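> model the structure of this input:
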Amino acid sequence: MKPCERSTFNNPLDGDKTSVEENHSVFSLTLPCHPRSLREVRRLTQEIGQKTALDMKDMFQLELVMDEACMNAVDHGSSINPEMKFQVCFRIEKTRIVILVRDFGGKPFNPEYFERLAEKKTWGSGGRGIHIIKQIMDEVMFFQRPGESTLLTMVKYLSHAKTTS
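Numbers count the residues shown, from 1 in each chain. Below you'll find the model as predicted:
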């Protein structure tokens, strides 16, 4: 990861970056849309867990959320096209972790549809990712630009974690 400017979090999706700004740190990756890229996301997720002193349960849950979110970006956002990219950004603050996952496939979808499927337990081999993410994270928001990109924003409050430098 390379140093970046103060504006990284405002525009975190312009490259692989790391920065420290006003009591928080930002870590960002741009990766090929391929399942192999999840290894790099897991490595960064574990690093974030160490920096925030997450306990084992919270670390496992954060890894699960990142696997689900990134696999959705790879699978649905790009149809597993390694020529396309997806981006991940972690912002570590004093009381929370803010996570962005963005794909550039721009395929429109309705997150509430998948949530209803999960509640009814009428899914096939997939369809649980959004439900899992919403159960674990404290805040979840989707922003879509059909034909351009999908941005998933997630927040996890740090109840027992402390930020380490």
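
> next, count neighbours for Thr150.
A total of 24 residues lie near Thr150 under the criterion other C-beta atoms under 10 Å. All C-beta spots, glycine's among them, are computed from the backbone N, C-alpha and C.

> that one pairs with what?
Counting by DSSP bridges, Thr150 forms beta bridges with Asp103, Gln144.

> for it, give its distance to Phe86.
Per C-beta to C-beta, to the nearest Å, Thr150 is found 9 Å from Phe86.

> residues shared between the contacts of these two?
Counting by C-beta atoms under 8 Å, 6 or more residues apart in numbering, the contacts common to Thr150 and Phe86 are 73, 77, 102-103.

> ok, and the most crowded of the residues you listed?
Neighbour max across the shared contacts of Thr150 and Phe86 (other C-beta under 10 Å) = Ala73, 28 neighbours.

> quick one, longest helix in this structure?
For the chain, the longest helix by residue count, based on DSSP state H, is helix 56-78.

> and the next helix or strand past that one?
Sequence-wise, the next helix or strand downstream of helix 56-78 (DSSP states H and E) is strand 85-92.

> now the strands for this protein?
Ranges of strands within the chain are 2-3, 17-21, 24-32, 85-92, 96-103, 139-145, 149-157, based on DSSP state E.

> now do the fourth one: which elements does it pack against?
Using 3 or more C-beta pairs under 8 Å, 6 or more residues apart in numbering; DSSP states H and E as the contact test, the elements touching strand 85-92 are strand 24-32, helix 38-51, helix 56-78, strand 96-103.

> what's the third one in contact with?
Going back to what we said before, that points to helix 56-78. The contact list for helix 56-78 (C-beta under 8 Å, 6+ apart) reads 33-35, 37-38, 41-42, 45-46, 48-49, 54, 80, 84, 86, 88, 97, 99, 101-107, 109, 128-130, 132-133, 136-137, 150, 152, 154, 156, 160-161.

> pull out the buried residues from these.
Applying 16 or more other C-beta atoms under 10 Å to the contacts of helix 56-78, the neighbour count classes 33, 37-38, 41, 45, 48-49, 54, 84, 86, 88, 97, 99, 101-105, 129-130, 132-133, 136-137, 150, 152, 154, 156, 161 as buried.

> ok, Val41 to Leu152 distance?
Applying C-beta to C-beta, the value for Val41 to Leu152 is 13 Å.

> same question, Ile48
Going from Ile48 to Leu152 by C-beta to C-beta gives 16 Å.

> cool, and His34?
For His34, the distance to Leu152 - C-beta to C-beta - is 18 Å.

> with Gln61 instead?
Counting by C-beta to C-beta, the gap from Gln61 to Leu152 is 16 Å.
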